[in-house]
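> Next comes the sequence, and after it the predicted model I'd like to discuss.
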Amino acid sequence: MELKEVIGRRRSIRFFEPWREVEREKIQAILEAIYRAPRVLEVDFVRVVVVHRDRLTAEQMAQLKTPTTTAQLDMAPVYIFFFADMDALEAAARTGGGFRQLVDAGVLNRSHGWSPEFVSGMAAGYLKALVDDPDKVPVGPPGPDGKPRLASREALRLARTAIGIAQDYALLSAFNEGLGALLSAVSVPAAKAVMGIPDSWVPSSPMLLGYPGETPEAGGQRPREPFEEDFFELHYGHPFYREPAVVERLKAAGMIQEEAPFPWRMDEVRGLARKYGLPD
Amino acid sequence: MDFRQVVGRQRTFQYFLPYRPVERPKVQVILEAGRRSSRAVNTAFSKAIVTHRDSLSAEEREKLKTPLSAALVDTAPVYIFWYHDMDARRVAVEEKKWPTVASGTLVAIGALGPPHGWSHRYVQQVVLPEVLMPGLDAGPQRGGNADAALAMAQGLLAALDEGLAACLAPFDEAGAKEVLRTPDTWEPVMGMFLGYPAESWEAGGQEPRPPFESMFFEQNAAEPFARDAKLAQALAESGLGGRPAPVPWREREVRALARMLGLPQE
Amino acid sequence: MTDVQTADVRNAETVHRWLASRLDLWGKKALSDDLVETLTRFCQRIGKCPDEMIDDCLRPGKERDVYVLRTRARREYMEQIEAFEAETGSRDQANIVRSFLIHNGVAMNPNLLP
Ligand SMILES: Cc1cc2nc3c(=O)[nH]c(=O)nc-3n(C[C@H](O)[C@H](O)[C@H](O)COP(=O)(O)O)c2cc1C
Ligand SMILES: Cc1cc2nc3c(=O)[nH]c(=O)nc-3n(C[C@H](O)[C@H](O)[C@H](O)COP(=O)(O)O)c2cc1C
């Protein structure tokens, strides 16, 4: 599908066909897209765990649920969890990490000041300063010894950036494959225990994946604050001028679609409630 | 462009045509794409400021540079600085501005409702006080936010789709604060350096990645996802893939680019 | 306390809130007579009136109109509703009771998995 249409079609799907498995090929297609996503400062942060709902025990399912997310977890047959490994950043801060690979591959060159010496000196030093920043906070839930792994807020900033990029690639790829998806909170300590997640992995919200149970429009594109609240030009306070002709072009390309709620949305939701045996 | 081809086009682009401006509509498309990304509780965490190299003085450009992005600041005609607004949750919750979970919009439009256990009363009298308000007293907290990166990633794909080359690199936070006059509550995500590529779209080839098995797992963190090699090959051919870097002629291309752009050759 | 009467249920504040919230979200067709009748049967079964059920699940917070979900009480009600579902053999009837709790701010879901 065209990228713009994929972006336009993506929206948080919260009803899935609980009985319909996702083909393994489609799951791999999503992973392969994440694999090609840009790396934050060329650090190999990203770790992804694919979990099949039906291979979890009833007890594990119960543990994963927070008070608000249980219906989606029951309905989606696959969960894709995203992490960022702080050990990868620490290793990169010693060696220069992926920067060295890019110098060797001729991507980063002397024309821009890059060289093996620059990588081991300046670039590694840049990463090390972020790792060593003294303002430390827990990375995730405590480990077996009852103590959480700590990392600097600056390092976490990079880790969460890496996670967000992976999540976005995953979401778009899911819709490109004709599937529906939603990022959704689960119990982080339970997820850590169920999957045996190392203490160095920064947790995040998993993507629930399945065939959509609702119409692909899901009631319309969800509203946003005005464009001018978020995007500026030259300096903060001067909004980037939003040209209506560009908006029209994006409507034609399917990136900007009809906004929620469709007039029949509430009837659809009640119909879905009956279809899946959910309350209304 | 097809989604997979856009994803496969991603490179760490370094060489931009210094004389070819980036059309404003293309920059707007990048922002519009970012605006449509998924955001927790539908809140406006993600912000961006567009800057033009030629609208800044040499002194201002110096202020934006980090050791990792100095050459990009000098050569890319457009920069988009992506930020995370650490105050966004407070604005959504206390000022009830904009269509968020806190303002009741998600329930009202039928995105999240009683079939999932949600109602207006649940949002206003339980979720707000128990989930969204705790921690607000502590004020803005640094430490990153995935949402802003989701928006940035979506903008990056849109840039590639619009035929632009882009590179994500850090910028100097304090310098940018002076030049861009950003609020105290904004924490940097990454700079996006944009322009038309002076290098070929292959840009030397597809960049190395760690082994697939070290990144992707199944059911638990010890079990690598069994990658089907034939399928990987088919997906690569459908757009995700490319020749691995360096392509044989990369060195000659880089030398020619350096001559063209007046950059150091050795 | 099996003497909970339909009239008591109909007049309860939490039932008014429930019906008003359904009307607001779904429109008039979401207000049928069997709502109150079914909820009354559930109330009779467990010997509690509607307002008591909600009070059991939501503890008033420090500020006005702010509540804390009592997870244990909520879990007990979820189990009672499951028992009601098994007894009546009707997911629909059980969902009417769930709807009452949800519209009053007590989030819950039935189990969807076999
Ligand atoms: C740096 C810059 C800032 C702009 N800011 C605004 C603005 O604040 N309000 C506005 O209506 N248009 C703004 N525009 C858009 C221009 O007014 C104009 O519509 C656009 O550049 C196309 O017009 P032209 O073909 O006459 O140049 C801005 C353009 C640029 C290049
Ligand atoms: C990090 C993150 C976590 C999220 N968690 C949840 C969640 O727990 N439950 C939910 O229903 N939606 C969740 N969402 C989805 C957002 O609510 C949704 O993206 C937003 O309302 C905008 O709607 P759209 O995705 O349909 O454009 C999450 C989104 C993000 C980025």
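That came through fine. Not measured: the values here are computed from a predicted model. Ligands and ions are numbered 1, 2, ... in the order given.
> where does the stretch 51-200 of chain A have low pLDDT?
Scanning the stretch 51-200 of chain A for pLDDT under 70 picks out no residues.
> got a list of what residue 10 touches?
In the absence of a named chain, chain A is used. Contacts here follow Cβ atoms under 8 Å, 6 or more residues apart in numbering or on different chains; on that basis A:R10 touches A:171-172, A:175, A:181, B:36, B:38. C-beta coordinates here come from the backbone N, C-alpha and C atoms, glycine included.
> try chain C instead
C:V36.
> Next: the one 4 residues further on.
Listed by Cβ under 8 Å, 6+ apart, the contact partners of C:T14 are C:50-51, C:53-54, C:100, C:104.
> Can you tell me which of those residues has the most neighbours?
Within the contacts of C:T14, neighbour counts (other Cβ atoms under 10 Å in any protein chain shown) peak at C:F100, which reaches 30 neighbours.
> quick one: that one and C:R17 touch, right?
No. Contact criterion Cβ atoms under 8 Å: C:F100 and C:R17 do not qualify, at 9.4 Å.
> Near ligand 2, which residues of the stretch 51-200 of chain B? Just list them.
B:106, B:112, B:146-147, B:150 (Cβ under 6 Å from any ligand atom).
> ok, and of those residues, which contact chain A?
Here is what survives when these are matched to chain A using Cβ under 8 Å from any Cβ of the partner chain: B:106, B:112, B:146-147, B:150.
> Identify those among those that sit within helices.
Judged by DSSP state H, helices contain the following of these: B:106, B:146-147, B:150.
> Just send those residues back as a markdown table, with neighbour count and pLDDT too.
Shown next, in a markdown table, are these (neighbours: other Cβ atoms under 10 Å in any protein chain shown; pLDDT from 0 to 100):
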| residue | neighbour count | pLDDT |
| --- | --- | --- |
| B:L106 | 23 | 95 |
| B:A146 | 30 | 95 |
| B:D147 | 28 | 95 |
| B:L150 | 28 | 98 |
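> Which pair of those spans the longest distance?
Pairwise distances among those were taken by Cβ to Cβ; the largest, 18.8 Å, belongs to B:L106 and B:A146.
> Does chain A have contacts with stretch B:32-39?
Yes. Using Cβ under 8 Å from any Cβ, we find that stretch B:32-39 touches chain A at B:32-33, B:35-38.
> quick one: that stretch to chain centroid distance?
The gap between the average C-alpha position of stretch B:32-39 and the chain average comes to 11 Å, counting by Cα atoms, centre = their mean, to the nearest Å.
> Repeat that for stretch C:81-95.
On Cα atoms, centre = their mean, the centre of stretch C:81-95 falls 13 Å from the chain's centre.
> where's the closest residue to C:V106 other than its chain neighbours relative to ligand 1, distance?
The spatial neighbour of C:V106 that comes closest, neighbours along the chain excluded (Cβ to Cβ, 6 or more residues apart in numbering or on different chains), is C:C57 at 4.5 Å. Separation of C:C57 from ligand 1 (Cβ to the nearest ligand atom, to the nearest Å): 52 Å.
> got it, and A:P142?
A:P142 sits at a distance of 50 Å from ligand 1 (criterion: Cβ to the nearest ligand atom).
> go on, C:R41?
C:R41 sits at a distance of 64 Å from ligand 1 (criterion: Cβ to the nearest ligand atom).
> so what's B:A102 up against?
Residues B:41, B:43, B:92-93, B:96, B:123, B:128, B:132 are the ones in contact with B:A102 under the rule Cβ under 8 Å, 6+ apart.
> swap in A:R9?
When contacts are counted by Cβ under 8 Å, 6+ apart, A:R9 is found next to A:1, A:175, A:216, A:254, A:257.
> please redo it, this time with the cut-off set to 7 Å
For A:R9, the contact set (Cβ atoms under 7 Å, 6 or more residues apart in numbering or on different chains) comprises A:175, A:216.
> Could you do C:N104 as well?
B:121, C:14, C:17-18, C:54.
> Could you pull up phi and psi at the closest residue in space to A:L183 that isn't next to it in sequence?
The spatial neighbour of A:L183 that comes closest, neighbours along the chain excluded (Cβ to Cβ, 6+ apart), is A:S205 at 4.6 Å. Backbone geometry at A:S205, expressed as degrees, to the nearest 10, gives phi -80, psi 130.
> residues near A:S205, how many?
Counted by other Cβ under 10 Å, the residues lying close to A:S205 total 21.
> cool, A:A252 as well?
Residues within reach of A:A252, counting by other Cβ under 10 Å, total 10.
> Over to the one 10 residues further on?
Neighbourhood size, A:F262 [other Cβ under 10 Å]: 17.
> longest helix of chain A?
Identified as the longest helix of chain A according to DSSP H is helix A:153-176.
> And for chain C?
helix C:71-88.
> List the buried residues in it.
Of all the residues in helix C:71-88, those buried under the rule 16 or more other Cβ atoms under 10 Å in any protein chain shown are C:73-74, C:77-78, C:80-81, C:84-85.
> likewise stretch B:129-137?
Of the residues in stretch B:129-137, those buried by neighbour count under the rule 16+ other Cβ under 10 Å are B:129, B:131-133.
> Quick check: of those residues, which lies closest to B:G195?
Sorting these by distance to B:G195 puts B:L132 at the head of the list, at 40.2 Å, by Cβ to Cβ.
> Show the contacting residues for that closest one.
Here B:L132 is in contact with B:41, B:89, B:93, B:102 (Cβ under 7 Å, 6+ apart).
> ok, so of those, who is nearest A:A92?
For those, with A:A92 as the reference and Cβ to Cβ as the criterion, the closest is B:R89, at 30.7 Å.
> number of nearby residues for the residue of chain C found nearest ligand 2?
Ranked by Cβ to the nearest ligand atom, the top residue of chain C for proximity to ligand 2 is C:A107, at 11.8 Å. Counted with other Cβ under 10 Å, the neighbours of C:A107 add up to 26.
> Give me the nearest residue to it, chain neighbours excluded.
Ranked by Cβ to Cβ, 6+ apart and with sequence neighbours excluded, the top spatial neighbour of C:A107 is B:G117, at 3.6 Å.
> Just the pLDDT for the one you found.
Each residue has a pLDDT score; the one for B:G117 is 95.
> Please apply the same query to the one 4 residues further on.
For B:R121, the model assigns a pLDDT of 95.
> Perfect, I'm done here.
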